[in-house]
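Asker: Take a look and give me a structure for this.
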Amino acid sequence: KRLPHPDLGTGVYLFDSNEELFAWTSEKNNSVRRWNAAVNKWQPRVAPQNPVIRSGDGIMQLGSGSLVFSNGQVRFNGRQILAPAEQGSYFNFYYAQGHLFFYHRVRADQESFTRIYACPWTPKMKKPVDLEQATILKTPYEHETPFSFGQFKNEVLTVSNMGGVYIFNGASWRTLLAPDHTVSYQVYSMLNYHDRLLLAQYPTGNLIEYRDGQLKHLKGWPPRLPGVASNAREAQTTAIYRGDLFVGVWPWAELWRYNRDEKKWHSMGRMFSHPEITDKTTHPYEAAANELKLVTNHWGQRVTGLIPFQDGLRLSTSSKGTGLWQERFNFLDEPQRREYGAVLQLNMTGNLVSKIHWRDRPMQFEFLIQENQMIIRQ
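Answerer: Got it, this is the predicted structure:
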């Protein structure tokens, strides 16, 4: 079912924090709205201490505290542990395996570069991040940037927008796949799934498997809807919901579900009701985009969020970017327009999400599966 529209333009991304659900857009000063289920409404984040969250920023629970990446700096429980870069900028942060990861880019007439940092740091450390202790990889191209990070066993992976696959093993970086600025190879999300790490890739629209130090293209994972073009497909979002693997695919906002017991993919349909699918064009509404002097794939349709939340799965949609609606976009009527930047809720039996209440000691959990309910006890 469709939830009330967040009213944040033609695209939103979802995230959850501290058992609350949020919708974000790059528009309106990087606006964030919080879902209030009690009144069935999206509401502004009103707490003045909340930082501005931009593309590439984030908030995560780390132990008993909150690690916040915002505006090129990092804070833990309000204490700054990494100041903004003195030269260039730090961006696209990630924390795992006792290390803080980020990209550092400097653009200059001479000596432009992009470097990836792995900085040892844990919440028990009283001092800020020590950049002198960082392990650094300089990327071959100066404009490399990531869309995702991931973990497999004791390794952390990042993939640049030029297809460079870089792996940190806790002590050193290695390049598994060299970047190539002449081809497209982009990974939009990574997900641990049983004994492997899955990478959601463009332009195949398939998943790439990583394990045992090797990458393997899983052809047909997921399939594609009959009647749409086979090129320029993007597996963007990935999630595990009720034990099944879910994948959202651009440019027709396809949702696919894989049942491991059946070894079978199931189409969950599209997250848009319009336009009718076609293979005459790669993306929806190409003619309208060209007429409006936009990029041809502007009205491609994305599934930008897959958030298992309580018993349901929350999904969000977007055009290629998260722009504001303009009156000149009159080729869509009002109901069609509001399928962009929308949030949907999928409910299937067999899922329960609950927050772990951190204790700095061993924790015991009980999982009870009954005929009509699921219970998690800590």
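Asker: Report the contact partners of residue 286.
Answerer: By C-beta atoms under 8 Å, 6 or more residues apart in numbering, the residues touching residue 286 are 296, 297, 299. Bear in mind the C-beta positions are built from the backbone N, C-alpha and C, glycine included.
Asker: quick one: residue 364 and residue 214, what's the gap?
Answerer: 37 Å (C-beta to C-beta, to the nearest Å).
Asker: To clarify, my last question referred to residue 324.
Answerer: On the measure of C-beta to C-beta, residue 324 and residue 214 end up 44 Å apart.
Asker: just residue 362 next, same as before
Answerer: 35 Å.
Asker: higher neighbour count, those two?
Answerer: residue 214 (8 against 5; other C-beta atoms under 10 Å).
Asker: The more buried one bridge partners, please.
Answerer: For residue 214, the beta-bridge partners are residue 211 (DSSP bridges).
Asker: Can you check the pLDDT for it?
Answerer: pLDDT recorded at residue 214 is 97.
Asker: circling back to that earlier point, buried ones from the contacts of residue 286, can you make that a PyMOL selection?
Answerer: With 16 or more other C-beta atoms under 10 Å as the criterion, this PyMOL line picks the buried residues out of the contacts of residue 286:
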select buried, resi 297+299
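Asker: out of the contacts of residue 286, who's nearest residue 106?
Answerer: residue 297 (30.5 Å; C-beta to C-beta).
Asker: The closest one falls within a helix, correct?
Answerer: No. Assigned with DSSP: H, G, I helix; E, B strand; the rest coil, residue 297 falls outside any helix and is coil.
Asker: Can you tell me the SS state at the closest residue to it other than its chain neighbours?
Answerer: Leaving aside its chain neighbours, residue 297 sits nearest to residue 283 (4.4 Å; criterion: C-beta to C-beta, 6 or more residues apart in numbering). Here residue 283 takes the coil state, with states given by three-state DSSP.
Asker: Which residues are in contact with residue 283?
Answerer: With C-beta under 8 Å, 6+ apart, residue 283 has these contacts: 232, 251, 289, 296, 297, 299, 300.
Asker: Could you report the pLDDT at it?
Answerer: 98.
Asker: Residue 91 too?
Answerer: In this model, residue 91 carries a pLDDT of 95.
Asker: do residue 49 as well
Answerer: 63.
Asker: now do the one 3 residues further on
Answerer: Taken from the predicted model, the pLDDT recorded for residue 52 is 84.
Asker: where exactly do the helices run in the chain?
Answerer: 27-30, 286-291, 334-337 (DSSP state H).
Asker: Which one of the ones you listed lies nearest to residue 349?
Answerer: helix 334-337 (29.8 Å).
Asker: Report the rounded mean pLDDT for the closest one.
Answerer: pLDDT averaged over helix 334-337 gives 96.
Asker: contact partners of that helix?
Answerer: Contacts of helix 334-337 (C-beta under 8 Å, 6+ apart): 10, 273, 274, 325, 329.
Asker: How far off centre is that helix?
Answerer: Averaging C-alpha positions (C-alpha atoms, centre = their mean, to the nearest Å) puts helix 334-337 26 Å from its chain's average.
Asker: on that earlier part again, looking at the contacts of residue 286, which is nearest residue 85?
Answerer: Residue 85 has its nearest neighbour among the contacts of residue 286 in residue 297, at 32.6 Å by C-beta to C-beta.
Asker: Who are the contact partners of the closest one?
Answerer: 232, 251, 282, 283, 286, 289, 320.
Asker: between those, which is closest to residue 148?
Answerer: The nearest member of the contacts of residue 297 to residue 148, counting by C-beta to C-beta, is residue 320 at 17.6 Å.
Asker: From residue 288, how far out is the nearest residue to residue 191 once chain neighbours are set aside?
Answerer: Of all residues not flanking residue 191 in the chain, residue 238 sits nearest, at 4.1 Å (C-beta to C-beta, 6+ apart). Note on residue 238: its distance to residue 288, by C-beta to C-beta, is 30 Å.
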